[in-house]
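>>> here is a sequence with its predicted model. Questions after.
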Amino acid sequence: MNKILAEIVGYLNGLLAFGLIAGGCIWGFQMRDMTYDDSYIIYGIVAGVVAAIGICGILAIFISIRDELKVIRTSLQNLQD
């Protein structure tokens, strides 16, 4: 079950990043329409990118750590045999 969940998280990580950036863009466009200030589009994009880097970067690190632990476990099993 953990293996399947880890693989699903790996695939959905990119989709989550896209969703966060798109959400930031949508927020920027909505704020622009409410305030008539085009700078909110840039703020929305930056906020989406920062959120994507933070959240998806942490998930990517966890996925990488899991993969490295699998390699270490395989190497230790080979040394014991």
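Yes, it's here.
>>> now the helix or strand of the chain with the lowest mean pLDDT: how far from the chain's centre is it?
Ranked by mean pLDDT, DSSP states H and E, the weakest helix or strand in the chain is helix 2-35, scoring a mean of 89. What separates the centre of helix 2-35 from the centre of its chain is 8 Å, taken as Cα atoms, centre = their mean, to the nearest Å.
>>> stretch 3-18: which residues count as buried?
10, 13, 16-17 (16 or more other Cβ atoms under 10 Å). Heads up, the C-betas are built off the backbone N, CA and C, glycines and all.
>>> do stretch 41-56 as well
So for stretch 41-56, counting by 16+ other Cβ under 10 Å, buried means 41, 44-45, 47-48, 51-52, 56.
>>> how much space between the most centrally placed residue in the chain and Gly48?
Taking Cα atoms, centre = their mean, the centroid of the chain lies closest to Cys56, which sits 1.8 Å from it. Using Cβ to Cβ, to the nearest Å, we find Cys56 at a distance of 11 Å from Gly48.
>>> what sits in contact with each of these two?
Residues touching both Cys56 and Gly48 by Cβ atoms under 8 Å, 6 or more residues apart in numbering: Leu20.
>>> could you list every helix and strand in contact with the longest helix seen in the chain?
The helix that spans the most residues within the chain, counting by DSSP state H, is helix 39-80. Packed against helix 39-80 by the contact rule (3 or more Cβ pairs under 8 Å, 6 or more residues apart in numbering; DSSP states H and E) you find helix 2-35.
>>> what about Met34, how many residues nearby?
9 (other Cβ atoms under 10 Å).
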